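Enquirer: Below: sequence and its predicted model.
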Amino acid sequence: MKKIITENRNENTKDIDLVSSLEIVQKINREDEIITKAINSELLNIAKAVDIISEQFLKGGRLFYFGAGTSGRLGVLDASECPPTFGVEPDMVQGIIAGGDRALRFAIEGAEDNFELGLKDAEILNEKDVCVLISASGNPDYLLGAAKSARKKGCKIISLTSNPEGKILNEANIKICIKVGAEVIAGSSRMKSGTAQKMVLNMLSTGSMIKIGKTYENLMIDVKATNEKLKKRALQIVMDLSEKDEKLALETLKKCNWSVKIAVYTLIKNVSIQEAQQAINKNNGVLRKALNNAK
């Protein structure tokens, strides 16, 4: 039986059960240093994926992450962070894990091997969407089922794996393979492979949101101020961009229902909230374009 690369034993950690706690974490840290170098070799493909995702967003499409186990959990995590960070609707970026929500906390036996389940879960897709298949081994039948539905629906497919022989690579428009090598503990792909996946998902979602105008400079101007921390962040952004004092910035934010973009435009251009809203809507919600195109 041919061994999958993600199941290989790591020669650097064979004595890990004999060394001190400090040496254990040193070994883990040395292995983690491999991750950024491995990602560096795939940056061109990651950038191509960002372009595809942002293009589909502008067409009204959505981003779906499909995965099982750790990969599925990471997809759900990244998707769940998009609404508060970028002010998008929850259905714009979605994470689908084999076995459903219960699989977020518990292992669901056989879920990743269920082709029909993947086929069914991916029926939600349409031709405007992007489907990202996430798996360290790249071989779960669940993802192959999801890929079949995605192809049938005509949507774009991106594969993210650590295995250059992963079957999901054959299904994709864009192939991303992060070769992190053998794990510290053989087969424990929640470690280097999981960390690599988290880093790439950060790039995919953040990069595509930047491309469609969800940031101004490096500030999250579509942040949803749903708690005190985020309200303080929103206030600081308005103060920084408008160069107005805290009192005026706060008054304006409250008047425009905590919309950072509207508040910034109102204060910079010295117009009414209604005029600011119209200008931003006219420029598809992109603050930089609205400011640049203002008379």
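Expert: Okay, I see it. Residues are numbered from 1 along each chain as shown.
Enquirer: Please report how far the spatially closest residue to Leu219 that is not a sequence neighbour lies from Val271.
Expert: Distances taken as CB to CB, 6 or more residues apart in numbering put Ile237 closest to Leu219, at 5.0 Å, once the chain neighbours are dropped. Where you see a C-beta, it was placed from the backbone N, CA and C, and this is true even at glycine. Note on Ile237: its distance to Val271, by CB to CB, to the nearest Å, is 19 Å.
Enquirer: who's more crowded, those two?
Expert: A count of neighbours by other CB atoms under 10 Å puts Ile237 above the other of Ile237 and Val271, at 22 against 15.
Enquirer: Need phi/psi at the more buried one.
Expert: Dihedral pair for Ile237: phi -60, psi -50, per degrees, to the nearest 10.
Enquirer: How about the contacts made by it?
Expert: Counting by CB atoms under 8 Å, 6 or more residues apart in numbering, Ile237 makes contact with 219-221, 223, 260, 264.
Enquirer: Tell me the one among those residues nearest to Arg9.
Expert: If you rank those by distance to Arg9 using CB to CB, Met220 comes first, at 42.7 Å.
Enquirer: residues contacting the closest one?
Expert: By CB under 8 Å, 6+ apart, the contact set of Met220 is 85-86, 214, 233, 237.
Enquirer: Check Ser162 too.
Expert: Ser162 sits next to 5-6, 136-138, 177-180, 189, 192-193, 196 when contact means CB under 8 Å, 6+ apart.
Enquirer: can you tell me which two in those are farthest apart?
Expert: The most widely separated members of those, counting by CB to CB, are Gly138 and Lys192 (14.9 Å).
Enquirer: gap between the closest residue to Ser189 other than its chain neighbours and Arg105?
Expert: Distances taken as CB to CB, 6+ apart put Ala136 closest to Ser189, at 3.5 Å, once the chain neighbours are dropped. Distance, Ala136 to Arg105, using CB to CB: 20 Å.
Enquirer: Between the two, which is the more surrounded one?
Expert: Taking neighbours as other CB under 10 Å, Ala136 and Arg105 compare with Ala136 leading, 33 against 7.
Enquirer: Just to check, that one is in contact with Gly187?
Expert: No: counting by CB atoms under 8 Å, Gly187 is not a contact partner of Ala136; they are 9.2 Å apart.
Enquirer: Quick check: neighbours shared by the two?
Expert: Here Ala136 and Gly187 share the contacting residues Thr6, scored by CB under 8 Å, 6+ apart.
Enquirer: which element follows the host helix or strand of Glu55 toward the C-terminus?
Expert: When elements are assigned from DSSP states H and E, Glu55 belongs to helix 43-58. Next helix or strand after helix 43-58 toward the C-terminus (DSSP H and E): strand 63-67.
Enquirer: list the helices and strands that following strand packs on?
Expert: Applying 3 or more CB pairs under 8 Å, 6 or more residues apart in numbering; DSSP states H and E, we find strand 63-67 packed against helix 43-58, helix 69-86, strand 93-97, strand 130-134, helix 141-153, helix 192-211.
Enquirer: Not counting its own residues, what contacts the first one?
Expert: Helix 43-58 has contacts (CB under 8 Å, 6+ apart) with 39, 62-63, 92, 128-130, 132, 155-156, 158, 173-176, 200, 203-204, 207-208, 211-212.
Enquirer: Show me what counts as buried in it.
Expert: 45-46, 49-50, 52-57 (16 or more other CB atoms under 10 Å).
Enquirer: Low-confidence bits of this protein, can you list those?
Expert: Scanning the chain for pLDDT under 70 picks out 1-2, 295.
Enquirer: ok so, going back, report the secondary structure state of the residue nearest to Ser189.
Expert: Recorded secondary structure, Ala136: coil (DSSP: H, G, I helix; E, B strand; the rest coil).
Enquirer: ok, it - contacts?
Expert: The contact partners of Ala136, taken as CB under 8 Å, 6+ apart, are 6, 70-71, 161-163, 189, 193-194, 197.
Enquirer: try 10 Å this time
Expert: By CB atoms under 10 Å, 6 or more residues apart in numbering, the residues touching Ala136 are 4-7, 67-71, 160-163, 166, 178, 180, 183, 187-194, 196-197.
Enquirer: Are any of those residues buried, and if so which?
Expert: If you count burial by 16+ other CB under 10 Å, the buried members of these come out as 4-6, 67-71, 160-163, 166, 178, 180, 183, 187, 189-194, 196-197.
Enquirer: I'd assumed Arg102 was in a helix, is it?
Expert: Yes: inclusion of Arg102 in a helix is indicated when three-state DSSP is applied.
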